[in-house]
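Student: please find the sequence and the predicted model below.
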Amino acid sequence: MGALSAFAEERPNIIFVITDDMSWGEIARTGNKIIRTPNLDCLYDQSLRFRNFHVASYCAPTRAQLMSGRQEFFAGVTDTRYERDNLRDDITILPQYFKQAGYRTAMVGKWHLASKESGLTGKPLVPHKRGFDMALYTRNQVGRYNPWLSRNGKQEEFQGYCGDILFDETMKWIENGDEEQPYFVYLATSIPHGPLVAPEEFRKMYEGSGLTEKEITYYAMVSNVDTNMGRLMKWLEKRQDKRKTILIFMTDNGHSCTKGFDGAGHNRDGFLRPDGLYNAGLRGGKGQQWHGGTCVPFLLYWPGVADQGRDDTTLAGGIDILPTLCDIAGVKPDDMGIQGVSLLPNILEESTHVPENRIIFSHGGRWNYPTEMGKYKYNVAVITDRYRLVWEPDGKKGQNMVAKENSALYDYRSDPGEKQNIIDLHPELVQRLTAAYEAWWEEAKKGMVNDWHQIKTGKLIGPEKEKK
Ligand SMILES: [Ca+2]
């Protein structure tokens, strides 16, 4: 009997929490001496931790990976803006598989995969029409105080701070359901992403810490998430549900503190300035293709099943979420476009489905106009089980511009801070990875349906709204 059928019987509940713009550095347990995250530390201690888990370096692209099981370009998403954050409407997405498996499903918070009601083939993009029984959401950021949220398409106003509201509403939805039916909740906070606004009680925690006002607020937002995670964990413990509940905590890209890598104190070369925010020894933050931009926290708490307090350093990523959760829920996706693999064997410590020669491509995307995609081609990390090949900024162009001649190779296993460029030592490897990337890019381009639509119709949407 395979792992898939073993859990189909039991069908555990799944609460999947994803926060916005938060790195390994913002969990105190990894060595941050200033931030306070006692509840996440506790979860960290009791979880299986994927420590080499890669997503995109921006919001919508990572969410596209989770929902589609593909690198985001293959799901049509190449940006966080300009209608290129619309998750193509002609594929089956994660909550739809949970419906097939007999789960009730909800999403609460930030969707960021639908700048429009429907997509290019006329099918819906909004979450309550894509497999979530209940979606209480905003298309992008949730207002910090007294936010308006859409409940299955109808606007409702809430009182209070967004972090508290999203966790409250999640618990209410779980509470009001039939205990006999397993549930899947996708809870996506839009904090600690900017605008930086936090309740005073959390800001007070960092008085006298030596941080700037902005940094205090950023950390306060993380501590609000932490307190709410603690509430959720205690509440779950008290409930004593009949079936097991898996709690997953992850984040969507490296840390930012409002202005991408710069805001958190990284230079354009990815190195932390002396006054920069702690980043767990990694290089780079949000929007950058070094380890700190794409390698994010992934904690999985599954008492009695997953070994608690273990690190798994298998090369894994956002594309693996859909196959993994489908495996746990007992449903087999019949979608040939899925690129991820199930991590369930890793979780059970039985074996792994991740091939030894796996390559994960993490691309920065975000060109101004679809016609310019070629100029951004090398803003990518080509990640193997040991090495990272990147092309680094040329020092004069925009944030996402890198130079083809500035290729660099790092052995992130022995050099996690990516300080030693060893490209001259491994010419054959570099040649092989570059060739793999060239082939990948040609395939990925085919999936960029929103870009091609804009090119075909001549309606290019970008910084100046429309341009020829
Ligand atoms: Ca983000």
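Tutor: Yes, it's here. Numbering: from 1, shown residues only.
Student: only C-alpha atoms from now on, for both contacts and neighbour counts.
Tutor: Noted.
Student: which residues touch the closest residue to the ion within the stretch 1-150 of the chain?
Tutor: The stretch 1-150 of the chain approaches the ion most closely through residue 59 (3.7 Å), counting by CA to the ion. The contact partners of residue 59, by CA atoms under 8 Å, 6 or more residues apart in numbering, come to 20, 21, 80, 112, 252, 253.
Student: what does the pLDDT read for residue 395?
Tutor: pLDDT, residue 395: 68.
Student: around residue 219, how many other residues sit close by?
Tutor: Applying other CA atoms under 10 Å, we find 27 residues neighbouring residue 219.
Student: who are the neighbours in contact with the closest residue in space to it that isn't next to it in sequence?
Tutor: Of all residues not flanking residue 219 in the chain, residue 35 sits nearest, at 6.3 Å (CA to CA, 6 or more residues apart in numbering). Applying CA under 8 Å, 6+ apart, we find residue 35 in contact with 26, 27, 28, 206, 219, 223.
Student: likewise for residue 342?
Tutor: Taking CA under 8 Å, 6+ apart, we find residue 342 in contact with 320, 321, 322, 323, 324, 325, 327, 353.
Student: now render those residues as CSV, adding distance to the ion, neighbour count and secondary structure.
Tutor: Output for the contacts of residue 342, formatted as CSV (distance: CA to the ion, whole Å; neighbours: other CA atoms under 10 Å; DSSP: H, G, I helix; E, B strand; the rest coil):
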residue, distance to the ion, neighbour count, secondary structure
320, 19, 25, helix
321, 17, 22, helix
322, 19, 28, helix
323, 22, 25, helix
324, 22, 21, helix
325, 22, 19, helix
327, 27, 24, helix
353, 28, 12, coil
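Student: okay if I get these as JSON lines plus pLDDT and distance to residue 14?
Tutor: JSON lines is the format used below for the contacts of residue 342 (pLDDT from 0 to 100; distance: CA to CA, whole Å):
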{"residue": "320", "pLDDT": "98", "distance to residue 14": "16"}
{"residue": "321", "pLDDT": "98", "distance to residue 14": "12"}
{"residue": "322", "pLDDT": "98", "distance to residue 14": "13"}
{"residue": "323", "pLDDT": "98", "distance to residue 14": "14"}
{"residue": "324", "pLDDT": "98", "distance to residue 14": "12"}
{"residue": "325", "pLDDT": "98", "distance to residue 14": "9"}
{"residue": "327", "pLDDT": "96", "distance to residue 14": "12"}
{"residue": "353", "pLDDT": "95", "distance to residue 14": "22"}
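Student: need the max-distance pair from the contacts of residue 35.
Tutor: Farthest pair in these (CA to CA) is 27 and 206. Separation: 15.1 Å.
Student: could I get the full set of helices for the chain?
Tutor: With DSSP state H as the criterion, the chain has helices at 3-10, 38-46, 59-68, 94-100, 162-175, 200-203, 213-239, 260-263, 291-294, 321-329, 344-347, 427-447, 449-457.
Student: can the contacts of residue 342 go into a markdown table with extra columns for distance to residue 75?
Tutor: Shown next, in a markdown table, are those (distance: CA to CA, whole Å):
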| residue | distance to residue 75 |
| --- | --- |
| 320 | 14 |
| 321 | 15 |
| 322 | 13 |
| 323 | 15 |
| 324 | 18 |
| 325 | 19 |
| 327 | 21 |
| 353 | 23 |
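Student: out of those, which is nearest to residue 194?
Tutor: Ranked by distance to residue 194 (CA to CA), the contacts of residue 342 are led by residue 321 at 26.0 Å.
Student: model confidence for the residue nearest to that closest one when sequence neighbours are not counted, exactly?
Tutor: Spatial nearest neighbour of residue 321, chain neighbours left out: residue 66 (5.6 Å); criterion: CA to CA, 6+ apart. Note on residue 66: pLDDT of 98.
Student: right, and residue 66 touches residue 323 too?
Tutor: No - the pair residue 66 / residue 323 is not scored as a contact, 9.5 Å apart, by CA atoms under 8 Å.
Student: how many other residues sit next to residue 385?
Tutor: 19.
Student: isn't it up against residue 357?
Tutor: Yes - judged on CA under 8 Å, residue 385 makes contact with residue 357 at a distance of 7.2 Å.
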